[in-house]
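1. Okay, here's the prediction I keep looking at, along with the sequence it came from:
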Amino acid sequence: MSFPRVLAYPLFALPWIGVVLVIGWLLLVRFPPDGVVSFTFPFDGKSPWFDPFLPGERVTSPGVQQDGWVGQRIFREPVYASARLPGAMDTYTLALEMRTIRQPLLELGVQQSPGDFAFQLQPLWYEPLSEGWRRVVTREATGYVRSSLPDSALLETPAERMVLWHATMTSPLLSDTPLPEPEMINASLRGAMDLYVVPVDGAIRFSFLIQDMNRSRGGDVVAFHLSKEDGVIATEAVGTGGTHSTRPDRAFEKRVTFRDLTPGVYRLQVLADDDVFFRRIETPHRRWVIGPRVYFADAVGYATSTPSVDVWTNSRHISLQTFHKEGIQRVAFGSTTGEIERTHEVYPVSRSADDRGMTARFRAPLGDVRFVGDGYVAFRESALFFPKPRRLTDQTRLEEEGIDVVRTSYVAPTVLPDGWFRAEVQGAVPPFMDRLRIALSAPGILLRQGGVDIRTVRVTYRRPPMLSGQEWWRSVRAELVQAWRRL
């Protein structure tokens with residue numbers, strides 16, 4: 001008996017119906033009518049929308065862990081992951097269900113452009129703010145104040161009792177007259193650095209003796225960006241010679257002058273890779289500082305010995321690192337000493353709780369050390385000033401250091417019934433990217449033998465809802481541009 005024809009037609013149509021449904025689902029994901037696409041999944045490495053964190057020597061394999069939970073554990077940092085975009089979206093919200101083991105601070109950032117490995121970090125978790133602090137939001141600032149203090153403390157607390165965590169703050173309006181004689185600093189500094197300067201007679205003047213060491217590649221460019229309150233005022237650049245040999249280039253002088261400046265604090269950002277050494281700095285400025293990073297370099301190929309480091313800083317916590325065995329040494333930081341015992345490892349050093357002074361002297365007799373502090377550095381004590389409060393780090397001790405205010409955009413995570421918490425960050429999707437490339441920073445996790453466990457991820461993307469043909473066309477055009485750039 002033949003199969004009834006009336007039933008055959010629907011059966012033949014089923015595959016086509018399935019294809020139409022799949023295409024419809026893909027269109028809804030790619031072009032959601034309300035502009036929102038959200039995915040929630042266990043962090044077991046199986047989701048096509050979010051890759052596990054790497055590299056493998058810093059994390060466990062995603063899946064069932066030794067103590068029975070499902071997810072991935074991070075035990076070194078930084079680690080990197082990527083989230084696949086469902087289309088040309090405008091913003092993202094990333095929520096992680098997590099817990100920490102002996103790790104008080106976490107930061108997460110997204111790569112801002114395909115050719116740049118810089119990540120714009122945001123606050124993700126800070127355990128000391130979970131008790132005894134209150135979040136305060138005003139038109140001028142956002143942050144946390146001690147529960148015993150009024151909300152007005154957010155704006156009225158002096159800078160020495162405040163720290164910043166990925167927050168901005170208006171700098172004081174300052175101006176100076178020049179030194180009787182220009183100051184000459186014969187120090188070997190390496191790579192990029194940020195100088196904060198008070199103008200003298202409405203101008204900023206520096207002279208740098210620059211040398212390209214050609215250790216990794218030849219032909220570098222040094223750029224100088226002058227800004228005030230994060231607005232760029234002027235830029236300059238100079239090439240270092242362009243030689244492709246492995247021998248150091250001859251040192252040359254570069255003078256940088258900016259005039260007609262109003263009172264304030266200016267940031268002179270020096271952009272250079274670590275092949276570029278600054279052998280001397282000359283300036284007439286009374287007050288200028290560098291921070292938070294200063295790379296005190298060696299003098300191989302330039303002098304017979306590396307200059308010792310003897311500077312002043314308002315930092316309370318510093319991290320030190322050397323990349324040559326000649327830099328293994330004992331350093332002095334205020335009344336505290338620290339040991340750099342091996343190359344390529346980070347050594348934190350903190351001032352003692354009894355050291356209540358605003359400034360301290362840092363000495364490294366053998367030089368050749370990369371210094372990262374929570375404050376600023378000056379080559380003489382009278383030049384030291386504080387453009388902004390110190391920054392919050394994983395080593396900060398709020399109670400011991402008398403901190404009453406933390407200026408930050410951080411929003412405390414939601415604590416879940418089983419003791420885990422849900423932390424969230426959000427931001428704009430960088431242009432011309434088909435994936436969110438993510439970095440998670442857990443400073444000090446290796447020294448603490450700590451861990452970060454992640455068990456669930458929720459990622460939400462948004463763009464304007466398609467309420468009109470114009471908005472539909474805008475979305476389609478953005479998709480076409482993104483596809484063209486991937487070719």
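-> Sure, I can see it.
2. how about the helices in the stretch 151-300 of the chain?
-> Using DSSP state H, counting those that start in this stretch, the helices of the stretch 151-300 of the chain run over residues 153-156.
3. all strands of it, in order?
-> Counting by DSSP state E, counting those that start in this stretch, the stretch 151-300 of the chain has strands at residues 162-165, 183-185, 189-190, 193-197, 204-212, 221-228, 231-239, 252-258, 266-271, 276-283, 288-290, 293-296.
4. Packed most tightly, which of the ones you listed would that be?
-> Burial among the strands of the stretch 151-300 of the chain, expressed as mean neighbours by mean count of other Cβ atoms under 10 Å, is greatest for strand 288-290, which shows a mean of 24. For glycine as for every other residue, the C-beta is placed from the backbone atoms N, C-alpha and C.
5. which other helices and strands contact that strand?
-> For strand 288-290, the elements it packs on are strand 193-197, strand 377-378, judged by 3 or more Cβ pairs under 8 Å, 6 or more residues apart in numbering; DSSP states H and E.
6. any idea of the mean pLDDT for the last one?
-> Okay, so that is strand 377-378. On average, the pLDDT along strand 377-378 is 97.
7. Can you name the element that comes right after that strand?
-> Going down the chain from strand 377-378, the next helix or strand is strand 390-391, by DSSP states H and E.
8. Pull the distance from that next one to the chain's centre.
-> The chain centroid and the centroid of strand 390-391 are separated by 14 Å under Cα atoms, centre = their mean, to the nearest Å.
9. So in that sheet, which strands flank it, and in what orientation?
-> Its sheet considered, strand 390-391 pairs with strand 162-165 (parallel) by DSSP bridges.
10. Go through stretch 376-396 and flag the buried ones.
-> 376-379, 383-396 (16 or more other Cβ atoms under 10 Å).
11. Residue 419 is nearest to which of the helices and strands packed on strand 288-290?
-> Nearest to residue 419 among these is strand 193-197; the distance by Cβ to Cβ comes to 40.1 Å.
12. Export that closest one to CSV, keeping only CA atoms.
-> The C-alpha trace of strand 193-197 is given here as CSV (Å, rounded to 0.1, in the frame of the first residue of the first chain):
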residue,chain,number,x,y,z
MET,A,193,57.3,57.0,31.2
ASP,A,194,54.8,59.6,32.4
LEU,A,195,56.1,62.9,33.7
TYR,A,196,53.8,65.2,35.7
VAL,A,197,55.1,68.8,35.6
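13. Need the residues that contact it.
-> Residues outside strand 193-197 that contact it (Cβ atoms under 8 Å, 6 or more residues apart in numbering): 204, 206, 265-270, 278, 285, 287-295, 376, 387.
14. how about the helices and strands packed on strand 288-290 in CSV, adding distance to residue 306?
-> What follows is the helices and strands packed on strand 288-290, written out as CSV (distance: least, Cβ to Cβ, whole Å):
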stretch, distance to residue 306
strand 193-197, 18
strand 377-378, 18
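15. With residue 133 as the reference, name the closest of the ones you listed.
-> Residue 133 sits nearest to strand 193-197 of all the helices and strands packed on strand 288-290, at 28.6 Å, using Cβ to Cβ.
16. Give me the mean pLDDT for the closest one.
-> Mean per-residue pLDDT for strand 193-197: 97.
17. and residue 46, which of the strands of the stretch 151-300 of the chain is closest to it?
-> Among the strands of the stretch 151-300 of the chain, strand 162-165 comes nearest to residue 46, with 34.5 Å by Cβ to Cβ.
18. quick one: the closest one to chain centroid distance?
-> Distance, stretch centre to chain centre, for strand 162-165: 15 Å (Cα atoms, centre = their mean).
19. go on, stretch 227-246?
-> On Cα atoms, centre = their mean, the centre of stretch 227-246 falls 21 Å from that of its chain.
20. avg pLDDT for it?
-> Averaged across stretch 227-246, pLDDT comes to 81.
21. ranges for the helices of the stretch 1-150 of the chain?
-> For the stretch 1-150 of the chain, the helices defined by DSSP H, counting those that start in this stretch occupy 5-30.
22. how about the strands of the stretch 151-300 of the chain, which one is nearest residue 451?
-> Closest of the strands of the stretch 151-300 of the chain to residue 451 is strand 162-165, at 22.1 Å (criterion: Cβ to Cβ).
23. So, low pLDDT: which residues of the stretch 351-487 of the chain?
-> 466-487 (pLDDT under 70).
24. I'd like the strands of the stretch 151-300 of the chain as JSON lines, with distance to residue 415 appended.
-> Putting the strands of the stretch 151-300 of the chain into JSON lines (distance: least, Cβ to Cβ, whole Å) gives the following:
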{"stretch": "strand 162-165", "distance to residue 415": "20"}
{"stretch": "strand 183-185", "distance to residue 415": "50"}
{"stretch": "strand 189-190", "distance to residue 415": "44"}
{"stretch": "strand 193-197", "distance to residue 415": "37"}
{"stretch": "strand 204-212", "distance to residue 415": "48"}
{"stretch": "strand 221-228", "distance to residue 415": "39"}
{"stretch": "strand 231-239", "distance to residue 415": "39"}
{"stretch": "strand 252-258", "distance to residue 415": "50"}
{"stretch": "strand 266-271", "distance to residue 415": "38"}
{"stretch": "strand 276-283", "distance to residue 415": "47"}
{"stretch": "strand 288-290", "distance to residue 415": "40"}
{"stretch": "strand 293-296", "distance to residue 415": "35"}
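25. if I look at the nearest residue to residue 97 once chain neighbours are set aside, how far off is residue 73?
-> Using Cβ to Cβ, 6 or more residues apart in numbering and skipping the chain neighbours, the partner closest in space to residue 97 is residue 456 (3.9 Å). As judged by Cβ to Cβ, to the nearest Å, residue 456 and residue 73 stand 14 Å apart.
26. So the two - more neighbours on which side?
-> Ranked by neighbour count (other Cβ atoms under 10 Å), residue 456 and residue 73 place residue 73 first, with 21 against 18.
27. Dig out what that one forms beta bridges with.
-> On the basis of DSSP bridges, residue 73 is bridged to residue 453.
28. residues in contact with it?
-> For residue 73, the contact set (Cβ under 8 Å, 6+ apart) comprises 59-60, 65, 451-454.
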